[in-house]
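Asks: Quick one, structure for this:
(2 chains)
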Number of protein chains: 2
Amino acid sequence: MQKIWAHSGDSHFLEPEDLWQQILPPKQAARMPRSEKVSDDEEIVHVDGQSFRRKLPKIMTKRVEGGMTIADLSARPPGARDVKARLVDLDNEGIWGEVMYASLGLWSGLIRDRRLVREAAAAQNEGAVSELQDAAPDRLVPAAQMPMLAVEDAVTEVEHAAEIGLKVINLPTGAPPAMPDYNADDWEPLWAAAERAGMVIGFHIGTDTEDPAIFRGPGGAILNYVETCYGGQKVATKLVASGALDRHPELKVLISEGGATWVPFLGDRMNEAYRQHAMFIRPPLTRLPKEILFRQVYASFQHDESAPAAYWAMGYPNVMWGSDYPHLEGTYGHTQKTLHELLDGLDADVRRRVSRGTFEELFPHVSAPPAS
Amino acid sequence: MQKIWAHSGDSHFLEPEDLWQQILPPKQAARMPRSEKVSDDEEIVHVDGQSFRRKLPKIMTKRVEGGMTIADLSARPPGARDVKARLVDLDNEGIWGEVMYASLGLWSGLIRDRRLVREAAAAQNEGAVSELQDAAPDRLVPAAQMPMLAVEDAVTEVEHAAEIGLKVINLPTGAPPAMPDYNADDWEPLWAAAERAGMVIGFHIGTDTEDPAIFRGPGGAILNYVETCYGGQKVATKLVASGALDRHPELKVLISEGGATWVPFLGDRMNEAYRQHAMFIRPPLTRLPKEILFRQVYASFQHDESAPAAYWAMGYPNVMWGSDYPHLEGTYGHTQKTLHELLDGLDADVRRRVSRGTFEELFPHVSAPPAS
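Replies: Numbering: from 1, shown residues only, chains lettered A, B, ... in the order given. A predicted model of the protein is given here:
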């Protein structure tokens, strides 16, 4: 079976447990969140001189196969925490370039001090360059973390991240609780800054403001899994409907891990709203919402067999494959099987677009994979 | 331009304002909800001896074009309230058979007396037969209203509705607040009764437990329009993931007005959950969730240009067109234009399936449209 090389619009890196001690001066590092596990399902979080006890998320506590949790299973691949081993894993799997999301993503909501959040994000992003991107600058595309206590802090960090060579910034699908929603005009300076700096905005599903694990009872695992994807659809809707992407036609957004077939669905639904409820639409857009969505929003999927047809049959060009490496929801260990199942029998143009072309358009600095 | 005849999986009938006086004995009629408009945006609801004041929904109060509200605009077609005029409208538009949802759908949540709710639903359903279905029994498919204060009451009414000749029952996408969610086993007797009676379950989007008009600010109208459709996706997920449709392989569900392209998206996402999170899945299913969804869930759309490709390119067979007559979101006045835009240039099999075949499979008692 011929090896298919693909780029991935969705992967994760697990930071070392002493990350803050490594990248911040000791006084600042001591103020950053630190978790102390106190029982099977509780932790005490120490942050900036305060402490609070909280339940661990179920993903960290529910034990399956051999006593492992989803978090354990997701950290199993050798390269989960080690960038050299990672490149070996990627070569074995047939993954060339990849967008990498940080795993320590939610700490900034725990800190009230804007300066500390700004400095920690800047240090984390410099670490992403030196520890990750520099290991294979034509392959690894780590996403910059943003200080989110004020829009102007995020603007400053977008400029810093671009300056040190990062190509994508990561925002949560849910705006932080103290901030206005993403359709509000308050965010305009951030959209402008990202467009100006040529930074892609990467939203990874499952980063909503509220915990999406809301269903209990029969079918709960499937219901909660489905639920995580709606946050990605909603943030894309906000950026289109509010006019943000219309005002910034060079701004590109990537929604990672939420599938791709939802995009034509959402485009048609937004167009219906725009036409049938025309009298209520504010602001008016210079292009139909579906056109904006199709042009400026990119979407990555892992296993969805319908995703390539979103491109070849429904005209949505920005279908991008993603591995979700090293997570349990991803393709680690069966990447080649999945890529063959998805792409065999399709036109060469479609195979190339989904496995490589969409990604290379968004990240033209990434090199071509080896001839397969 | 050749006339395209289509069946519609989604339409509405506006009941006469004195419906309860017409169909119930005076003592019961007097207990049913009655609205008294007291200002531009408030009403007093009188129900079963009690009264309360409440804000009118924005759809009833926000005035656009010539001082009309969405509710006014949606009642404009001549046949909105008059079944004879309706058949003229349908002939003009090129619509043959149609599923008809009641407009007085939310009253039962206001009443606490199970017997009154049961008797009112039974009377409303008998009226749907005599006033609507009997006017064109091979074309009009009104949906039965269900008494929802207890599962056993709904079971009894499913059997009654089937006995008087109705073919579809209407359930809200959100389970009533006092009831368990639809994935709970409590609903099992209703699924069994609907399968036994050969009744399709019709869910119309926008009937969630909570008001979906949750977004404010720029793009709010589009955001709220998109939001309404997720309730349909979630109830379909609940019925598949909980095993309800797996246990009742002859039970068919119709999700009206929410589009159709979401179905392949959802099927792929559920399959990914089922495989990648296999260790958490309860109950196990005898078929993959996507197979259950594709076989037993039908979906109607109005304008979505990607919907036919959900069938011909993604293999979802149950794509059904719908007019949403007489509502503003629907195709009244431009049905032929829409059908031609959707179907011209597609294979004859696809044109037939989307415009007629899917509907005729679900409702085989409906006759064929005239030769066009």
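Asks: Can you show me the strands along the stretch 201-350 of chain A?
Replies: Residue ranges of the strands in the stretch 201-350 of chain A, as given by DSSP state E, counting those that start in this stretch, are A:253-256, A:297-301, A:319-321.
Asks: Of those strands, which is nearest B:Asp113?
Replies: Using Cβ to Cβ as the measure, strand A:253-256 is the one of the strands of the stretch 201-350 of chain A that comes nearest B:Asp113, at 48.2 Å. Placement of C-beta: from N, CA and C, glycine included.
Asks: circling back: mean pLDDT added to the strands of the stretch 201-350 of chain A, as JSON lines?
Replies: As requested, the strands of the stretch 201-350 of chain A are exported to JSON lines (pLDDT from 0 to 100):
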{"stretch": "strand A:253-256", "mean pLDDT": "98"}
{"stretch": "strand A:297-301", "mean pLDDT": "98"}
{"stretch": "strand A:319-321", "mean pLDDT": "98"}
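Asks: Can you add distance to B:Ala123 and mean neighbour count and give those back as TSV?
Replies: Formatted as TSV, the entries for the strands of the stretch 201-350 of chain A read as follows, by distance: least, Cβ to Cβ, whole Å; neighbours: other Cβ atoms under 10 Å in any protein chain shown:
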stretch	distance to B:Ala123	mean neighbour count
strand A:253-256	49	28
strand A:297-301	49	29
strand A:319-321	52	29
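Asks: what residues are up against the residue lying closest to A:Ala136 once chain neighbours are set aside?
Replies: Closest residue to A:Ala136 in three dimensions, ignoring its sequence neighbours and counting by Cβ to Cβ, 6 or more residues apart in numbering or on different chains: A:Leu87, at 5.9 Å. Contacts of A:Leu87 were listed using Cβ atoms under 8 Å, 6 or more residues apart in numbering or on different chains, and they are A:Gly79, A:Ala135, A:Ala136, A:Arg139.
Asks: Surely A:Leu87 is within a strand?
Replies: No. Counting by DSSP: H, G, I helix; E, B strand; the rest coil, A:Leu87 is not part of a strand but helix.
Asks: Which of the contacts of A:Leu87 sits closest to A:Trp20?
Replies: Of all those, A:Ala135 has the smallest distance to A:Trp20: 20.9 Å, by Cβ to Cβ.
Asks: Got the confidence number for the nearest residue to the closest one once chain neighbours are set aside?
Replies: Nearest in space to A:Ala135, with sequence neighbours left out and distances taken as Cβ to Cβ, 6+ apart, is A:Val83 at 4.6 Å. According to the predicted model, the pLDDT of A:Val83 comes to 97.
Asks: and A:Val83, what does it touch?
Replies: A:Phe13, A:Glu131, A:Leu132, A:Ala135, A:Ala136, A:Leu140.
Asks: so who does the residue lying closest to A:Asp48 once chain neighbours are set aside touch?
Replies: Counting by Cβ to Cβ, 6+ apart, the nearest residue to A:Asp48 once its immediate chain neighbours are dropped is A:Arg31, at 4.5 Å. Contact criterion Cβ under 8 Å, 6+ apart gives A:Val47, A:Asp48, A:Gly49, A:Ile111, A:Asp113, A:Leu116 as the residues in contact with A:Arg31.
Asks: Can you tell me which of those residues lies closest to chain B?
Replies: Using Cβ to the nearest Cβ, A:Ile111 comes nearest to chain B of those, at 27.5 Å.
Asks: Now for that closest one, how many residues are close by?
Replies: The burial metric for A:Ile111, expressed as a neighbour count using other Cβ atoms under 10 Å in any protein chain shown, is 18.
Asks: Contact partners for it?
Replies: A:Ile111 is in contact with A:Arg31, A:Met32, A:Pro33, A:Val47, A:Asp48, A:Val117, A:Ala120, A:Leu149, counting by Cβ under 8 Å, 6+ apart.
Asks: Quick one, which of the residues you listed are buried?
Replies: Among those, those buried by neighbour count (16 or more other Cβ atoms under 10 Å in any protein chain shown) are A:Arg31, A:Met32, A:Pro33, A:Val47, A:Val117, A:Ala120, A:Leu149.
Asks: The fourth one reaches A:Met32, doesn't it?
Replies: If I follow you right, that is A:Val47. Yes. With contact defined as Cβ atoms under 8 Å, A:Val47 and A:Met32 form a contacting pair (7.1 Å).
Asks: low-scoring stretches of chain A, by residue?
Replies: A:105-108, A:212, A:372 (pLDDT under 70).
Asks: before we move on, back to that, of the buried ones among the contacts of A:Ile111, which belong to helices?
Replies: Using DSSP state H, A:Arg31, A:Val117, A:Ala120 are the members of the buried ones among the contacts of A:Ile111 that sit in helices.
Asks: close enough to count as contact, the last one and A:Pro25?
Replies: No. Using Cβ under 8 Å, A:Ala120 is not in contact with A:Pro25, being 11.0 Å away.
Asks: can you list the residues of the stretch 1-150 of chain A near chain B?
Replies: Residues of the stretch 1-150 of chain A found near chain B, taking Cβ under 8 Å from any Cβ of the partner chain as the criterion, are A:Lys62, A:Val64, A:Glu65, A:Ile70.
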